[in-house]
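Asks: Could you work out the structure for the sequence below:
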Amino acid sequence: MLYIGFSNYSHKIHARLFCREIKHCAPIIVDGDTVIIYQFVRINKIVKIFIKRTDLKKLKKHGWQIIKYSNDDHIQLNRFCLTCVQFTKYACGIKDIRIQTPMGLLKYLNKK
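Replies: As a prediction, the model looks like this:
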């Protein structure tokens, strides 16, 4: 299953300046008890973080919002994304150019 996680904290300065409430997003793949978070660090650097399914509850306690997107387990990696939002949109197959911030992506997904 493909989930999208939203966090209200980011270490990037431009995210702190331009993003209001939600500052970071990341696609999350859940396969049984194994969970992989695809963390966008910078251009050409996407890190896989392996956690357990029970750790998702810990992320929620620390301010993460996790939304189920689809049952598709295939994630596409694009090395030329400039932001975490562009990477998450590409991974999910969303092509709406108006979505530029994590909050905009969250609102788009809540409408669906």
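Asks: what about the strands in this protein?
Replies: For the chain, the strands defined by DSSP state E cover 2-7, 24-31, 34-42, 45-52, 65-70.
Asks: would CSV of the ones you listed with mean pLDDT be doable?
Replies: Formatted as CSV, those follow (pLDDT from 0 to 100):
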stretch, mean pLDDT
strand 2-7, 89
strand 24-31, 89
strand 34-42, 89
strand 45-52, 91
strand 65-70, 87
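Asks: V85 is nearest to which of those?
Replies: Across the strands of the chain, V85 has its closest neighbour in strand 24-31 (6.0 Å, C-beta to C-beta). Just so you know, the C-beta spots here come from the backbone N, C-alpha and C atoms, and that holds for glycine as well.
Asks: Quick check: bridge partners of the residue sitting nearest the centre point of the chain?
Replies: Note on the chain: the residue nearest the mean C-alpha position is A26, at 1.7 Å, using C-alpha atoms, centre = their mean. With DSSP bridges applied, the residues forming beta bridges to A26 are G5.
Asks: so it sits right up against F40, yeah?
Replies: Yes: between A26 and F40 a contact is recorded at 6.7 Å, counting by C-beta atoms under 8 Å.
Asks: Need the overlap of contacts for the two.
Replies: C84, T88 (C-beta atoms under 8 Å, 6 or more residues apart in numbering).
Asks: thinking again about what came up before, for P102, find the nearest of the strands of the chain.
Replies: strand 24-31 (4.3 Å).
Asks: ok, and for that closest one, which residues are buried?
Replies: Neighbour counts using 16 or more other C-beta atoms under 10 Å place H24, C25, A26, P27, I28, I29, V30 of strand 24-31 among the buried residues.
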